[in-house]
Every structure is written in C-alpha cells, then in structure tokens.
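J.: Need a 3D model of the sequence below.
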Amino acid sequence: MKMRPGTPTGFLLCGKEWNDGEALEVRSPWDQGVVGRVTVATRADARQAVNHAVASLRRTRALPHWKRREILEDVAAALIEQKERFAQLIVAEAGKPVRLARAEVDRAVLTFKTAAEEAARQSGETLPLDLTEGNEGRWGMVQRFPVGPILAITPFNFPLNLVAHKVAPAMAAGCPMILKPAPQTPFTALALGEVILKAGWPEEALAVLPLENADTAWLAEKEDRIKLVSFTGSAKVGWELKTHSGRKRVLLELGGNAALIVHSDWPDLDEAALKTVHAAFGYAGQSCISVQRVFVERSVFPVFLRKVAELAGKLVVGDPSNEATDVGPLIRLSDAERVEAWVKEAVEGGAKVVAGGERKGSVITPVVVTGTSDGMKLRDEEVFGPVVAIEPYDDFEQALADVNHSKYGLQAGLLTRDAARILTAYRELEVGALIAGDTPTWRMDPMPYGGVKDSGLGREGIRSAIEEMTEPRMLVLAGIGRL
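T.: Below is the predicted model of the structure:
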C-alpha cells in the first residue's frame, strides 16, 4: 500500500490493489492537509468479495492450526518491524498523538500474538454416549468450526488495533473476512491487509473495502452469505444494523460514558488525579471507555477536583506529530463544534467549567466541569471528546446508583481499598467490566471486552471473539467398540 498524492490508493480484493472507481480524499484532522486518496469500492466489488470469501471458506476451514498460528506470528513480527510506519499512518489520518500511536501498534502486536496462541490451543471435548442399554460402543466429540464469511466494520479511533481485534480472531477461527474501515482512516487498515496477505493468509479470504454507507448496509443486511457482522461504532448505527441483519450473528461494541468512583480511603489522591487526567483526555477523549463521569466522596472532592484541573491545564495540546503532545485534534471539525456546544449547554444549565474549554479549529483544551445534572448531554450521552464531569457523593450506594443511571454500561472504575465495597460494586454495577484500583479506560487486549444496555452485544477479546466466530459441531460415532 503506497500513498501517492495524485493517484488513489486502491482497495484490496483477492490479493490485488484495485484503483477503478471514485476516489475519497482523506485529510489530516490536525491541519486538513491531504493525507492521500483512496478508491471507494462499489456494491459490485462487495459482491465479488463475498464470492471470494465463500469460495475460500473450505480452504480456511481446513487450514491447520499450526499454519494459522504461524501466519498470525508473522503478522505480529511484521508490525514490530514496521512499528514507526504504522504509527505515522495513525498520526496522519487519525490525528492521534505519536506516543499514543506507537502504543497502539504495540497493542496490535499483542493482539496478533494472543490470537496465534489461541489458534494453537483451540480444543473440543469427547462425550460418553453409552448411557443407556443398547447404546454400547457409542461416543461423541464436539469441535468448533468457523461460522463462515465475516463482515467487520471498524471505527476511526483505533484504526490498527480495533481492526486487529476483528481480523486476528477470524484468522485463528478459520473465517474469511471482508473488512470495511472507517472513511477517515482507510490507509492503516489497507497497510495491515497487505501485511496479512504477505504473511501467507489466503488472498481470496481477506478483502479491505472502503465502502459507501449504503453499500455497507446492503452487505450487512441483505447479503445472506455473510454469516456474522462485527461492528464497532455508535449505538444508534449498531442497533439499527442488528435490527435489519436477519439471521446473521451480530457482535456490537458500541458507545459508553464510562464512570469512575473515587472513595476517600484511596491512599494517593495525586495518583488518582493523574490516572483520571490520562484516562479522560488521552486521544482527546475519543475512546468508548474514556472517563467521562467521576463521582468523588465529598470529603476529598474539593482537593481532587483542584488536582485534576491543575493537571489538565499542564497537558500539551496541539500537533499530534510532536513527541510532547498529549492532546491532539478531534477527528472532525463538526465533532469539536458539537463538544463545544454541549459544554455551553451544560454551563447554561448551571454547570461550572473549572478548566479548559477553549476551541481552535478541531482542537479543544481539556475540559473539567462540575455541577452537571441528569438531562445534560455531558452527563447522559457519549461526549467522545476531551471532557470530564466531576461530582461529589455522600453515600457509596448512591454513587453506584449514579453510575448505573445511564443507558450505557461498558466499563466502570473504582478507586477504593475496601474489599467489601469492591465486591458490592462488582455485584451491583451494570457494566461489562469493573476495573478496581484503576480507571475504566484500562484494558488488556486478551481479556473479554464488551458491554450491556446500549453499549453492545457479545464480547471481543481474542478467545471470546473466536467463540463468537465459531460454532460447536457434534460428531456421534456408533458401534466403535464393535469394530
């Protein structure tokens, strides 16, 4: 994949780069400079990709596990070798600060390494079936087989690792895949696709197709040969997609407005404030588990609020290619304008901005706000921007209720040393994961990951995703003892 200023980069189909078709211009979120142009695939191209995927299933299903492991390990090795190349692609098209972009490449390496390990240790079970008279010599075995061709739809905010979280388990499971990357960040996905094919994955079993929304919807909803749709993105689009996807399996990793509880027994408020700042403002808050709501026990609330505001004001905001930058631009100017409007709405409703909030183009200085209330978008919706609301609480049970008072339920964080409180929160909080001792933004890529309520359906994380992408099949052997 070569980005050429005058010639569009082609999409990947059956191992080739195709340049026939209309081109989409991709611009930098930071300075609006042209990153490159990419050819947009058509519905006919998508249909052809499905044809290849269906034809390749017999091959990928029969691919021995040692070979799947070898290919996945080779992809991980290539990412290590090309770390700076991928980091710079992420900076250019996603506007992610370069230090965070390098960290994303490291995470993708772990994702592929984990998938390689899981490919090698997939197992089934044997069952005795001679449980009643007349069934002597019968036994059974259960193995998992790939569900079939998969459509993966990925977002802009982690253009390498969230693609890896769909492609790597599909490869380990033996599933062909059609990948539709976000229109803002196609080049990272295309570059990864080339690495995967070079590592030896069958050419017809992977297509990377920048598509119009209507053609993506057609694939997800009307193309019955697609057996599973894995979508990461907004709750509105995800649930609508599921409604119209018929009998397909649908995995949804959607939005959130992640909450953190800080109890007064946490021994180091400086550490808690620093964790909060990094979790709220990393990549300008453009993560579905970015800390958006913080509930702090009242006795330590004033000190904690001041510490977070001071630290937020020290963050380096600006050019994502600068090694010192902590907070870069939002992906689009319209998103920055939306965040600015939501902050203004909250202030008009009685909230107080303690730090930040200045906007210059797509860049907003980190916003610390307090005095929010139910009904404000900053509290109820997913901001997906550099904003954190910090509020006091008097009763721990009330703090738990405040966390649950949300249509989302992805992850929550809890800073306390009290085991009883941790177990109570673990039992009561309506989330996919509780991170005790850290913020909800913490994630280790192999762990099961997903949410409840409007935050999604199913689980990512390599082993969990492989289970979603495979189905158990029973084999009964009769009369074996008489052979």
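
J.: what about the helices in the stretch 301-450 of the chain?
T.: When secondary structure is read from DSSP state H, counting those that start in this stretch, the stretch 301-450 of the chain shows helices at 301-314, 333-348, 377-380, 396-404, 419-428.

J.: Tell me which of these sits nearest to residue 233.
T.: Of all these, helix 333-348 sits nearest to residue 233, with 13.9 Å by CB to CB. (Each C-beta comes from the backbone N, C-alpha and C, glycine too.)

J.: any idea what the residue nearest the centre of the chain is structurally, helix, strand or coil?
T.: Central residue of the chain (CA atoms, centre = their mean): residue 162, 4.6 Å from the mean position. With DSSP: H, G, I helix; E, B strand; the rest coil as the basis, residue 162 sits in helix.

J.: State the pLDDT value of it.
T.: Residue 162 is assigned a predicted lDDT (pLDDT) of 98.

J.: thinking again about what came up before, for the helices of the stretch 301-450 of the chain, state which one has the densest average packing.
T.: Of these, the one with the most neighbours on average (mean count of other CB atoms under 10 Å) is helix 377-380, at a mean of 20.

J.: domains for this protein, by residue range?
T.: Segmentation of the chain into domains, based on automatic domain parsing, reads 11-254+457-473, 259-444.

J.: how about residue 265, phi and psi?
T.: phi -80, psi 0 (degrees, to the nearest 10).

J.: To clarify, my last question referred to residue 143.
T.: Dihedral angles (degrees, to the nearest 10) for residue 143: phi -130, psi 160.

J.: Also residue 160?
T.: Recorded main-chain torsions at residue 160 are phi -110, psi -50, according to degrees, to the nearest 10.

J.: related to what we said a few turns ago, can I get the domains of the chain in CSV including distance to residue 479?
T.: As requested, the domains of the chain are exported to CSV (distance: least, CB to CB, whole Å):
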stretch, distance to residue 479
domain 11-254+457-473, 5
domain 259-444, 47
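
J.: ok so, going back, and the helices of the stretch 301-450 of the chain: which comes nearest residue 203?
T.: Using CB to CB as the measure, helix 333-348 is the one of the helices of the stretch 301-450 of the chain that comes nearest residue 203, at 36.6 Å.

J.: Contacts for that closest one, please.
T.: The set of residues external to helix 333-348 that reach it, using CB atoms under 8 Å, 6 or more residues apart in numbering, is 329-330, 353, 357, 359, 361-364, 367, 369, 372, 376-379, 381, 383-387, 389.

J.: how far out from the middle of the chain is that helix?
T.: Taking CA atoms, centre = their mean, to the nearest Å, one finds the center of helix 333-348 at 25 Å from the center of the full chain.

J.: for stretch 393-408, same thing?
T.: Distance, stretch centre to chain centre, for stretch 393-408: 25 Å (CA atoms, centre = their mean).

J.: isn't residue 147 right next to residue 470, touching?
T.: Yes: counting by CB atoms under 8 Å, residue 470 is a contact partner of residue 147 at 6.3 Å.
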